[in-house]
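Colleague: Curious how this folds, go ahead:
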Amino acid sequence: MSKKVKAVKKPARKLLKPKLPKRKTPEFVRSDSWRYVRVKERWRTARGIDSKMRLRRKGYRKLPSIGYGAPRKSRGLHPSGLREVLVSNLEALKTIDPNKQAVRVAHTVGAKKRIEILEKAKKRKLLVLNPRGIKPI
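Modeller: Next up is the predicted model:
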């Protein structure tokens with residue numbers, strides 16, 4: 001008979017982005033934007049039946065594909081390695097884990113409440129991503 005192994009719970013830590021060399025993703029530009037001034041470079045998918053880009057012909061620009069995506073664990077993380085949490089009141093600060101999450105104060109928060117949130121975050125040793133812009137009253 002096989003023995004059951006108990007899962008050991010690891011302590012919470014920052015989700016650090018892996019130290020891999022960055023792959024350079026190509027600039028994805030709209031088809032024929034290099035040919036006509038009226039066609040801007042902003043990405044639009046090629047839809048024409050004879051489109052060489054859509055057919056992925058050699059010598060034409062690359063199309064976005066799933067292979068260019070970031071690793072799933074590091075996707076959506078702040079460069080500090082923490083997940084961003086949007087905070088608009090003091091109650092929301094209570095649910096934040098300082099080891100895994102960072103605070104971003106919502107732009108709709110006024111000066112008075114913003115100061116309160118920043119003070120409370122400092123006491124809990126939370127990282128605030130946008131602390132600037134407020135002078136004490």
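Colleague: all strands in the chain, in order from the N-terminus.
Modeller: Using DSSP state E, the strands of the chain run over 83-87, 101-105.
Colleague: Around A121, count how many other residues there are.
Modeller: 21 (other CB atoms under 10 Å). Any C-beta I mention is one placed from the backbone N, CA and C, and that applies to glycine too.
Colleague: contacting residues around it?
Modeller: Remark: with contacts taken as CB atoms under 8 Å, 6 or more residues apart in numbering, A121 is in contact with 93, 103, 128.
Colleague: which one of the strands of the chain lies closest to R44?
Modeller: strand 83-87 (29.4 Å; CB to CB).
Colleague: Taking strand 101-105 as reference, get the angle to the closest one.
Modeller: On the basis of axes from the mean of the first three to the mean of the last three CA atoms, to 10 degrees, strand 83-87 is oriented at 40 degrees to strand 101-105.
Colleague: And for strand 83-87, what's in contact with it?
Modeller: Counting by CB under 8 Å, 6+ apart, 15, 76-78, 92-93, 96, 100-106, 109, 117, 129 sit against strand 83-87.
Colleague: Inside helices: which ones of the residues you listed?
Modeller: 92-93, 117 (DSSP state H).
Colleague: Out of the residues you listed, which end up buried?
Modeller: Neighbour-count burial (16 or more other CB atoms under 10 Å) applied to the ones in helices among the contacts of strand 83-87 gives 93, 117.
Colleague: and the ones in helices among the contacts of strand 83-87 as JSON lines, adding distance to V85 and pLDDT?
Modeller: Conversion of those to JSON lines gives the following (distance: CB to CB, whole Å; pLDDT from 0 to 100):
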{"residue": "A92", "distance to V85": "7", "pLDDT": "93"}
{"residue": "L93", "distance to V85": "9", "pLDDT": "93"}
{"residue": "I117", "distance to V85": "12", "pLDDT": "94"}
